[in-house]
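**Q** next input, structure requested:
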Amino acid sequence: MQRLYDFLRRHPTGVDTFWAVVLLGFSLLWVGSTYPTVRHPVAYGVVAALFSLVVALRRRVPEKMLLLTVALGLAQLALDLEPFLADFAMFVIVYTVAVHDGPRWASRLALAGGLSAATLSQLRWPVEEPSSDAARVFFTVIMTVPFALAWVLGDSLRTRRAYFAQLEERASRLEQEREAQAKVAVAAERARIARELHDVVAHNVSVMVVQADGAAYVMDSSPETAKQALETISTTGRQALAEMRRLLGILRTGEHQEAGEYVPQPDVGQIEDLVEQVRGAGLAVDFAIEGSPRPLPSGVELTAYRIVQEALTNTRKHGGPDVGASVRLVYFDDGLGLLVEDDGRGAPQEMYEDGGADGRGHGLIGMRERVGMVGGTLDAGPRPGGGFRISALLPLKPAH
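**A** Take a look at the predicted model:
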């Protein structure tokens, strides 16, 4: 049964042609049965054939078939061909034009023609009985109702189809928007991973280079110091590998994760360990905490850690020899304040003027992006007395 239904849906013109043949056959039978009394039998046959053509092509060219139907109706009035079975095509074309999403003039013409067909028929061929005017008006109204119902049914189906088509279009548009948002989220995640990798590589590799240079310098004169430097290089390298595996693991799909491969995100509590690591690399750092430490949102803690990490890395890169630095964490009621200063030569002027793009990295740009993501503020630039200062305020709640 389903196959038959699908076949009929795929061949609408064939179905219409079948019913057109049926209508033509019954109409010719009527003409043949009334042949001795009917006038103009040939004209009736031609009109029946043309009405059958209207039914057969109603879905392919509905507007043209409507105009043909109007012409046939006027021809019936002019040739005095009384209504007969083939006039059923008028109901069909009124419904078809109303349900078809075509020009509005065609739908209005179909409605007007359907509402006036019974009236014109009654005026041209008045009913003998009953003879009262009220009865004739009632009969005309009764004959008009089927045309009105056909048009209303068709127009309702057209509106419903248009509504469902709009829903499908909206669903498709929402699906496209979701895909676009997913692509934006992927791009943002990749940018975040790039910043994380920059921080990991810049900081840890910088420490390893400094320790390696120091170990090579004291290898002969102080083997114990060189050994400690090599141990620091080993520890720093393992930490860098662990963090890089954690970050790159986000990009992996369908792979088994090895136990112990990932480490938690760094937080404010690990800043002191970071400072100790930098001190071990030969940079004098003064570290202090003001206020009452308390748990902070994970985004704020990660941002604070990365800012301090990047700032100390920049101090080693740009501060020059015998540079010293200080790190201050200040807990406020509504946020966390960071102040990282050094007394070295400072970064190149174009580095902070261009937002951090100094040709060797995007440290300050990454800082500003991180601070902006949590709704904070960042101030970076040279100190009046020499050196460089980075000041940040991270609120507990992102700004709306």
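
**Q** surely residue 318 is in contact with residue 312?
**A** No. Between residue 318 and residue 312 there is no contact under Cβ atoms under 8 Å: 11.3 Å. Bear in mind the C-beta positions are built from the backbone N, C-alpha and C, glycine included.

**Q** for this protein, what spans make up the helices?
**A** Along the chain, counting by DSSP state H, helices occupy 2-10, 12-33, 41-56, 62-79, 88-99, 104-124, 133-218, 223-249, 271-280, 298-318, 349-353, 363-373.

**Q** which neighbouring elements make contact with the fourth one?
**A** Spelled out, that is helix 62-79. Under the contact criterion of 3 or more Cβ pairs under 8 Å, 6 or more residues apart in numbering; DSSP states H and E, helix 62-79 touches helix 41-56, helix 88-99, helix 104-124.

**Q** cool, and the second one?
**A** Contact here means 3+ Cβ pairs under 8 Å, 6+ apart; on that basis helix 12-33 packs against helix 41-56.

**Q** neighbour-wise, which of residue 318 and residue 312 wins?
**A** Neighbours around residue 318 and residue 312, counted as other Cβ atoms under 10 Å, are more numerous at residue 312. The numbers are 28 against 20.

**Q** list the contacts for that one?
**A** 203, 274, 275, 278, 283, 285, 325, 327, 340 (Cβ atoms under 8 Å, 6 or more residues apart in numbering).

**Q** from residue 395, how far out is it?
**A** The spacing between residue 312 and residue 395, counted by Cβ to Cβ, to the nearest Å, is 23 Å.

**Q** ditto for residue 135
**A** Residue 135 sits 86 Å away from residue 395, going by Cβ to Cβ.

**Q** and the two? Which one has more around it.
**A** Neighbours around residue 135 and residue 395, counted as other Cβ under 10 Å, are more numerous at residue 395. The numbers are 16 against 12.

**Q** show me the contacts for that one.
**A** 300, 334, 335, 374, 375, 376.

**Q** and residue 204, by the same measure?
**A** 236, 237, 239, 240, 243.

**Q** tally of neighbours for the third one?
**A** Residues lying near residue 239 (other Cβ under 10 Å) number 17.

**Q** can you tell me the closest non-neighbouring residue to it?
**A** residue 204 (6.4 Å; Cβ to Cβ, 6 or more residues apart in numbering).

**Q** over to residue 115?
**A** Closest residue in space to residue 115, ignoring its immediate chain neighbours: residue 144 at 5.8 Å, by Cβ to Cβ, 6+ apart.

**Q** mind checking how far that neighbour is from residue 89?
**A** Distance of residue 144 to residue 89, computed by Cβ to Cβ: 17 Å.

**Q** of those two, which one has the most company?
**A** When residue 144 is set against residue 89 and neighbours are counted by other Cβ under 10 Å, the residue ahead is residue 89, at 29 against 18.

**Q** so the more buried one touches residue 54, yeah?
**A** Yes. The pair residue 89 and residue 54 passes the contact test of Cβ under 8 Å, sitting 4.8 Å apart.

**Q** quickly list what's touching both of those two.
**A** Looking at what touches both residue 89 and residue 54 (by Cβ under 8 Å, 6+ apart), the common residues are residue 69.

**Q** before we move on, back to that, hey, which of the helices and strands packed on helix 62-79 is tucked in deepest?
**A** helix 88-99 (a mean of 23; mean count of other Cβ atoms under 10 Å).

**Q** for it, which outside residues touch it?
**A** By Cβ under 8 Å, 6+ apart, the residues outside helix 88-99 that reach it are 23, 51-52, 54-55, 58-59, 62-63, 65-66, 69, 73, 106-107, 109-111, 113-114, 117, 146-147, 150-155, 157-158, 161.

**Q** so where's the stretch 201-350 of the chain uncertain?
**A** Regions of the stretch 201-350 of the chain meeting the criterion pLDDT under 70 cover residues 201-203, 246-264, 346-350.
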